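Engineer: Just the structure for this:
(chains A and B)
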Amino acid sequence: MSQVKVRRRVSSRFLASEVRLIAVRRRNQAGLAALAAVPVVIAVAMKVATPDSTGRGQGGGPDFFSQILSNGFFVALAGVGVELTLFLPIAIAMLAGDAVAGEANQGTLRYLLTVPVGRIRLLAVKYAGIVMGAFLAPLVVATSGILAGLLLFGGGDVTTLSGTSISFGAGLLRLLGVCLYLGVCLTALGAVGLFLSTLTEQPMGATIALTMLTVASFVLGQIPQLDWLHPYLLTQHWQDFGELLRDPVSLSALQPGLLTAGAYIVVFLCAAWARFAGRDITS
Amino acid sequence: MSGVFRSRPALRWLVPTAAAVVVIGGGAAAGTIAASADPTLPERSAAQLLVDVQSAKVDGLSGTVVQTADLGLPTLPGVTGGSGSGADLMKLVSGSNTARVWYAGEDKVRLALLGTLGETDVIRNGTDVWTWRSSDNSAVHAKIPADALTKKDKALPAGVPQTPQEAADAALAAVGPSTAVTTTGAAKVAGRDAYELVLTPKDAASLVGQVRLAIDGEKHIPLGVDVYAKGVDTPALRIAFQQVSFETPDPEQFVFTPPAGTKVTEPSAAELEKQHGSLDDKAAADAKAEAAGTKVVGEGWTSVLVATLPKEDGGSTAGKGQGADTAQLDAITNSLPKVSGTWGSGRLLQSALFSALLTDDGRVLVGAVAPEKLYEAAGK
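Structural biologist: Residues are numbered from 1 along each chain as shown, chains lettered A, B, ... in the order given. Below you'll find the model as predicted:
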């Protein structure tokens, strides 16, 4: 190594600028607004359709929907459940696809690297931005759901899946747990997205690829003949967030999901590094 | 280190590859290490183990039970894949079910059958029996009359063994002169040292290769049952504790108060009585049916159940839903391969563990035997 080692304190300015960049981007703001809108739409639709749906009988809708009428809390859960299969992954895919490929596409990547910012640091900062997005997205959905639900249906004690009642506050705590768990799951998806983003200079390509991967993973998870493959699928344990709504909560049931997410994070961050650190930056 | 990567950039790819190998291999290895761990338990004969099991007594336990099935069934239309009741049915025969159990003596039992985003609970606390279904927010509250406590076994739902204990009892009932009972080296189930009792059918015609019972080394209760089909080294059926603790659960575990907004059905004592009565009636009817058309050919592991299907009496009893069920059933039947022989003709359902024959003259033959044995029975 011929270069002179300069010990500098790693400043947080790069990270701060990245976060600002993500936050002020119109498409990110619009995406977040779309995420927040879904629970509101659900709540309004349930409110408007009330006489009909009660007449039709119970248990007809997807999970948590039947309980919305009696407790606004479940708007948040229904929202998270509905968005988990497509909207949330798309949001992360947008963010992750943009991370490196977006800079490359705009021709700003080489300037970033001449600043001088090390490539590992660049990846780390980009990933940190994705992680923040991954935790923020489910929280936004849940918050919007709680607000819409409280406004239209009111609160009250929350019924767990096991048929016990917990206070609304305890319910909110469970909901926070659900958001954190899904945040970890989406963080793993973001790691795959970061890797895809280093492969191309077209952010859209990385975004679409990641969305397709997610959908494919969900579809493969539905096919019983492929059960040998299921433990390796990224999305296999996402629905396990329901474990947090049982009484008593068995945290060990969340373990497979967290381990899978951890494995994906390690492997794909390594892959992103292997690709990015050795790549010629031409744009 | 980074010098190597700088001069040979392709080598960088070794890092994610190694990470993937470690992660995937690590997961697999963790399983094998746990399985091959050799516990040191004092030796016990098969007979001793059987007695241990019969006299085992625990004051309380809680744990997670996982049931998996891989019966090697052919793909059936409307049953395999998809969603709804068909998928639920399919999960029983090729898939896995998870239940959490709590037990604190005979009169405090709770069983929670876990669905992806739902749960069905059966809770018994003294004379109260609650059934809770999260899918439709409903609960059924039944009271066991005090005088019925002695014959309570009848009140419990029969059918698929729900706990290892039940499954083991069922397996033990089959033990007889037809079975070779041995023990193998110790096994490890749910992280606990366990004896393994191996039941091997002596009759070569049986499709069942082995039934393996894991018995806890200390508490002597069955921790798991594996049923192996002949010549297959992964279990076709498995019910086992994934995690178990022998601490008596908190009494609160068994208290069920229906949450607000729950539809609670409380069958009155008279209704319950009627149900019991109809159960008895049903038993009587079954007995009658047995006299009429149902018989068992052969004995032990290779016995074949021969039943005559009730004549299809159209829509008199069947509602619309049942009509759809019948249509689905027909579709399934028609997808099965046709077979014929001196005994007649029919359709055959074959799996790793059992065969079923539906003859054109309306008989059903089921047994844990090869199809030839069924044909033989059909010819009688």
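Engineer: Show me the beta-bridge partners of B:G344.
Structural biologist: When bridges are called by DSSP bridges, B:G344 pairs up with B:G341.
Engineer: from memory it sits against B:Y375, does it?
Structural biologist: No: between B:G344 and B:Y375 there is no contact under CB atoms under 8 Å: 9.2 Å. C-beta: built from backbone N, CA, C; applies to glycine.
Engineer: And those two? Which one has more around it.
Structural biologist: The neighbour count for B:G344 versus B:Y375, taken as other CB atoms under 10 Å in any protein chain shown, is higher for B:Y375 (21 against 15).
Engineer: helices or strands up against the host helix or strand of that one?
Structural biologist: Using DSSP states H and E, B:Y375 falls within helix B:371-379. Other helices and strands packing on helix B:371-379, by 3 or more CB pairs under 8 Å, 6 or more residues apart in numbering or on different chains; DSSP states H and E, are strand B:304-308, strand B:338-341, strand B:344-350, strand B:355-359, strand B:363-367.
Engineer: and the longest helix along chain A with chain B, contact?
Structural biologist: Looking across chain A with DSSP state H, the single longest helix is helix A:119-153. No: using CB under 8 Å from any CB of the partner chain, helix A:119-153 stays clear of chain B, with a minimum separation of 9.9 Å.
Engineer: How far does that helix sit from its chain's centre?
Structural biologist: Mean-position distance between helix A:119-153 and its chain equals 7 Å (CA atoms, centre = their mean, to the nearest Å).
Engineer: Would you mark the buried spots in that helix?
Structural biologist: Residues of helix A:119-153 classed as buried by neighbour count (16 or more other CB atoms under 10 Å in any protein chain shown): A:119, A:122-127, A:129-150, A:152-153.
Engineer: With stretch A:152-161 instead?
Structural biologist: Under 16+ other CB under 10 Å, the buried positions of stretch A:152-161 are A:L152, A:F153, A:G155, A:G156, A:D157, A:V158, A:T159, A:T160, A:L161.
Engineer: Please apply the same query to stretch B:51-65.
Structural biologist: B:D52, B:V53, B:G60, B:L61, B:S62, B:G63, B:T64, B:V65.
Engineer: Check the gap between the second one and chain A for me.
Structural biologist: Between B:V53 and chain A the distance is 27 Å, computed by CB to the nearest CB, to the nearest Å.
Engineer: just to revisit the earlier point, of all pairs in the buried residues of stretch B:51-65, which one spans the longest distance?
Structural biologist: Using CB to CB, the buried residues of stretch B:51-65 span at most 23.5 Å, a distance reached by B:D52 and B:T64.
Engineer: where does chain B have its least confident helix or strand?
Structural biologist: Ranked by mean pLDDT, DSSP states H and E, the helix or strand of chain B with the weakest confidence is helix B:85-93, at a mean of 54.
Engineer: Give me the mean pLDDT for stretch B:69-78.
Structural biologist: Here stretch B:69-78 scores 66 as its mean pLDDT.
Engineer: Tell me the first helix or strand C-terminal of the helix or strand of chain A with the lowest mean pLDDT.
Structural biologist: The weakest-scoring helix or strand in chain A, judged by mean pLDDT, DSSP H and E, is helix A:50-56 (a mean of 49). Next helix or strand after helix A:50-56 toward the C-terminus (DSSP H and E): helix A:65-68.
Engineer: Pull the residues that contact that next one.
Structural biologist: A:42-43, A:46, A:58-60, A:74-75, A:78, A:149, A:153, A:159, B:136-137, B:261 (CB atoms under 8 Å, 6 or more residues apart in numbering or on different chains).
Engineer: hey, where'd the helices end up in chain A?
Structural biologist: Under DSSP H, chain A gives helices at A:13-24, A:26-48, A:50-56, A:65-68, A:73-84, A:87-99, A:101-106, A:109-113, A:119-153, A:168-199, A:203-222, A:255-277.
Engineer: Export only the CA atoms of the first one, formatted as PDB.
Structural biologist: Only the C-alpha atoms of helix A:13-24 are listed here, as PDB (Å, rounded to 0.1, in the frame of the first residue of the first chain):
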ATOM      1  CA  ARG A  13     -22.000  15.000   6.900                       C
ATOM      2  CA  PHE A  14     -22.200  12.500   4.000                       C
ATOM      3  CA  LEU A  15     -24.900  10.500   5.800                       C
ATOM      4  CA  ALA A  16     -26.800  13.700   6.700                       C
ATOM      5  CA  SER A  17     -26.700  14.800   3.100                       C
ATOM      6  CA  GLU A  18     -27.900  11.400   1.900                       C
ATOM      7  CA  VAL A  19     -30.800  11.500   4.200                       C
ATOM      8  CA  ARG A  20     -31.700  15.000   3.100                       C
ATOM      9  CA  LEU A  21     -31.400  13.900  -0.500                       C
ATOM     10  CA  ILE A  22     -33.800  11.000   0.100                       C
ATOM     11  CA  ALA A  23     -36.200  13.100   2.100                       C
ATOM     12  CA  VAL A  24     -36.600  16.000  -0.400                       C
END
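Engineer: helix/strand/coil for the closest residue to B:Q243 other than its chain neighbours?
Structural biologist: Nearest non-adjacent residue to B:Q243, counting by CB to CB, 6 or more residues apart in numbering or on different chains: B:T64, 4.7 Å away. Secondary structure state of B:T64, per DSSP: H, G, I helix; E, B strand; the rest coil, is strand.
Engineer: Test my guess that B:T64 contacts B:S96.
Structural biologist: No: applying CB under 8 Å, one finds B:T64 not in contact with B:S96, separated by 11.7 Å.
Engineer: pLDDT weak spots in chain A?
Structural biologist: Regions of chain A meeting the criterion pLDDT under 70 cover residues A:1-10, A:50-63, A:282-283.
Engineer: Now name the helix or strand holding B:T17.
Structural biologist: Using DSSP H and E, the element containing B:T17 is helix B:14-36.
Engineer: Remind me what the very next helix or strand once past that helix packs against, helices and strands.
Structural biologist: Per DSSP H and E, helix B:14-36 leads on to helix B:46-55 as the next helix or strand towards the C-terminus. Other elements packing on helix B:46-55 under the criterion 3+ CB pairs under 8 Å, 6+ apart are helix B:164-173, strand B:179-189, strand B:192-201, strand B:208-216.
Engineer: one step back: turn the helices of chain A into CSV, columns for distance to A:Q239.
Structural biologist: Converted to CSV, those look like this (distance: least, CB to CB, whole Å):
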stretch, distance to A:Q239
helix A:13-24, 28
helix A:26-48, 18
helix A:50-56, 24
helix A:65-68, 15
helix A:73-84, 8
helix A:87-99, 13
helix A:101-106, 30
helix A:109-113, 37
helix A:119-153, 14
helix A:168-199, 10
helix A:203-222, 9
helix A:255-277, 9
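Engineer: for those helices, which one sits closest to B:T302?
Structural biologist: Using CB to CB, the helices of chain A put helix A:203-222 closest to B:T302, at 37.9 Å.
Engineer: Mind listing what's buried along the closest one?
Structural biologist: Buried, per 16+ other CB under 10 Å, within helix A:203-222: A:P203, A:G205, A:A206, A:T207, A:A209, A:L210, A:T211, A:L213, A:T214, A:S217, A:F218, A:G221.
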